[in-house]
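Peer 1: Here is my input; please provide its structure:
(2 chains)
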Amino acid sequence: MDFRTCVNIQKEWDIVGARQFGRDFSKKLGFGIVDQARIATAISELARNIYLYAGSGKICFDEVENVGSRGICIIAIDTGPGIKDISQVMEDGYSTSGGLGAGLPGVKRLMDEFDISSKTGEGTEIRVVKWVR
Amino acid sequence: MAKNLKEILVENSNNLVHMWLEEVAEKQKEVANSSISQELFENTNREFVNIIFGSVEKESLTSDLDSFTERVINLGWPLSYLTEGLQLFKRVAVEFLIDHEELDVPVSKVLRHVDELVNPVINQLVNEYSGNWENTVSLQRVALQELSAPLIPVMDNITVMPLIGTIDTERAKFIMENLLDGVIKHHAEVVLIDITGVPVVDTMVAHHIIQAAEAVRLVGSTCILVGIRPEIAQTIVNLGIDLSKFPTKSSLRKGFTTALEMTNQMIVQTNSEEQTIEELIDTLDRSEQS
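Peer 2: Model (predicted):
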């Protein structure tokens, strides 16, 4: 797939860079303030997961279109250890790092579409989409 | 022989300067730094090439080089201006020496010698430049840390911590320490954490705030989270974060009112009281007159 832009995540401050880019991008696409905050928060969660669990990876942004509506597509790719049990991480309150465990299920609720694929030892790819209302 | 090469360079410095200036001007067209005036650019180029020659001639680094670098940094010109200039100088010098008729030195020697002459200058410039940047970055880091977790004791028993900007792990630790130190130092019964200026509240930020509030509770005070903007409230609900363990308010003003109630304090407007007294006296006067 050919993405318009990608932000590499290696340091903690890269999360801020990715978030800022996502916010500007969603603003350009015509999202309201509340959806901008949702998108920025979702990016923050995804980027932090990359930083915390995989060490490095990237967040890619693209514009998507579907019969008359536009949206933002965000893909978080890493080549980290992968997720063993996806259904477990999608449960509220499950965390291996002592966090709140609301990250991934939270992202799913913040966005309209949510796809996750992961292979142990190979990495994880999460694709989320939010449509402009 | 090595000395000969240098002498040839120095003797023909005028030629070389001319060639170099032409090359740089050519390069400048590509880069197109429109914000810099032609005159300033030419002057700087001339000074630059003189300094390069000065260093090459003495085979040591002059203090002129330092002050020149300083000036270029202050002008905000990119490092590439300096490195490209020196690379061009190397190329010009090598081409000139190879074309020079009196020379019967192998090309590899020429290359090596010019490298030996110019490389110290390059190293010095790059060191100076990156050193300057590192200095700026570390100063900014210190400045940022000073701003990161201020604690304001507004009244007896009430303290406010306004948070502005992104919260990362390091800052979260800092906030927690400052908060607890401050609570104990100022004997605060109520601490208001204002997150109006925090752009995104994700699970990590929320987690740190919850932990800080819990720690404040453990030392016997109450924490009120204020400045929750509507969009932040919605994302917190979407994320499914439970902030019900401590009171939250939409604005610092409302939080402050609550804090006053909790500490059994009140703000009284003295001005209006004086007015009412004056009014009373007025009415008394009037009643006396009538």
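Peer 1: quick one: contacts for residue 52?
Peer 2: All of this refers to chain A. By CB atoms under 8 Å, 6 or more residues apart in numbering or on different chains, the contact set of A:Leu52 is A:Ser97. Where C-beta positions appear, they are placed from N, C-alpha and C, glycine not excepted.
Peer 1: other chain: chain B
Peer 2: Taking CB under 8 Å, 6+ apart, one finds B:85-86, B:89, B:118, B:121 in contact with B:Ile52.
Peer 1: try 7 Å
Peer 2: B:Ile52 is in contact with B:86, B:89, B:121, counting by CB atoms under 7 Å, 6 or more residues apart in numbering or on different chains.
Peer 1: of those residues, buried ones?
Peer 2: B:86, B:89, B:121 (16 or more other CB atoms under 10 Å in any protein chain shown).
Peer 1: who does A:Gly71 bridge with?
Peer 2: A:Val64, A:Trp131 (DSSP bridges).
Peer 1: Report pLDDT for it.
Peer 2: We have a pLDDT of 92 for A:Gly71.
Peer 1: wait, isn't it in contact with A:Val129?
Peer 2: Yes - here A:Gly71 lies in contact with A:Val129, judged by CB atoms under 7 Å, at a distance of 5.3 Å.
Peer 1: what about these two, which has more around it?
Peer 2: Taking neighbours as other CB atoms under 10 Å in any protein chain shown, A:Gly71 and A:Val129 compare with A:Gly71 leading, 20 against 17.
Peer 1: And the more buried one, how far from chain B?
Peer 2: The gap separating A:Gly71 from chain B is 17 Å, by CB to the nearest CB, to the nearest Å.
Peer 1: got the contact list for that residue?
Peer 2: Counting by CB under 7 Å, 6+ apart, the residues that A:Gly71 touches are A:64, A:129-132.
Peer 1: Just checking the longest helix along chain B against chain A, any contact.
Peer 2: Under DSSP state H, the helix in chain B containing the largest number of residues is helix B:107-148. No - Helix B:107-148 stays clear of chain A (CB under 7 Å from any CB of the partner chain), getting no nearer than 11.2 Å.
Peer 1: for chain A, what spans make up the strands?
Peer 2: For chain A, the strands defined by DSSP state E occupy A:5-9, A:57-66, A:69-78, A:113-119, A:123-131.
Peer 1: The shortest one vs strand A:57-66, what angle?
Peer 2: With axes from the mean of the first three to the mean of the last three CA atoms, to 10 degrees as the basis, strand A:5-9 and strand A:57-66 are set at 150 degrees to each other.
Peer 1: what comes into contact with strand A:5-9?
Peer 2: By CB under 7 Å, 6+ apart, strand A:5-9 touches A:14-15, A:17-18, A:21, A:47, A:50-51, A:56-61.
Peer 1: same question, the second one
Peer 2: Outside strand A:57-66, the residues within contact range by CB under 7 Å, 6+ apart are A:3-9, A:18, A:21-22, A:25, A:29, A:43, A:46-47, A:50, A:70-80, A:129.
Peer 1: Kindly supply the PyMOL command isolating those of those that are buried.
Peer 2: Of the contacts of strand A:57-66, the buried ones go into a single PyMOL selection, burial set by 16+ other CB under 10 Å:
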select buried, chain A and resi 6+7+9+18+21+22+25+29+43+46+47+50+71+72+73+74+75+76+77+78+79+80+129
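Peer 1: SS state for B:Thr196?
Peer 2: strand (DSSP: H, G, I helix; E, B strand; the rest coil).
Peer 1: pretty sure it is touching B:Gly227, no?
Peer 2: Yes - contact criterion CB under 7 Å: B:Thr196 and B:Gly227 qualify, at 3.4 Å.
Peer 1: Which one of the two is surrounded by more residues?
Peer 2: Taking other CB under 10 Å, B:Thr196 and B:Gly227 do not tie; B:Gly227 has more neighbours (22 against 15).
Peer 1: Next up, the contacts around B:Asn178.
Peer 2: By CB under 7 Å, 6+ apart, B:Asn178 lies in contact with B:149, B:151.
Peer 1: Which secondary structure element is home to it?
Peer 2: Per DSSP states H and E: B:Asn178 is located in helix B:169-185.
Peer 1: quick one: buried residues of that helix?
Peer 2: For helix B:169-185, by 16+ other CB under 10 Å, it's B:171-172, B:175-176, B:178-180, B:182-183.
Peer 1: go on, stretch A:91-111?
Peer 2: So for stretch A:91-111, counting by 16+ other CB under 10 Å, buried means A:94-95, A:99-111.
Peer 1: Against chain B, which of the residues you listed make the cut? List them.
Peer 2: A:99-100, A:102-103, A:105-106, A:109-110.
Peer 1: Can you list the low-confidence ranges for chain A?
Peer 2: For chain A, applying pLDDT under 70 flags the ranges A:1-3.
Peer 1: what's the closest non-adjacent residue to the most centrally placed residue in it?
Peer 2: By CA atoms, centre = their mean, chain A has its centre lying nearest to A:Leu46, at 3.9 Å. Leaving aside its sequence neighbours, A:Leu46 sits nearest to A:Ala76 (CB to CB, 6 or more residues apart in numbering or on different chains; 4.0 Å).
Peer 1: thinking again about what came up before, could you rank the contacts of A:Gly71 by neighbour count and give me the top one?
Peer 2: A:Lys130 (22 neighbours).
Peer 1: just to revisit the earlier point, looks like the residue nearest to the centre of chain A contacts A:Val107 (just checking).
Peer 2: Yes - A:Leu46 lies in contact with A:Val107 (CB under 7 Å); the separation is 6.4 Å.
Peer 1: where exactly do the helices run in chain B?
Peer 2: Going by DSSP H, chain B shows helices at B:2-11, B:13-31, B:38-58, B:63-75, B:79-99, B:107-148, B:169-185, B:203-218, B:230-239, B:252-262, B:270-289.
Peer 1: Among those, which comes closest to A:Lys84?
Peer 2: helix B:203-218 (20.7 Å; CB to CB).
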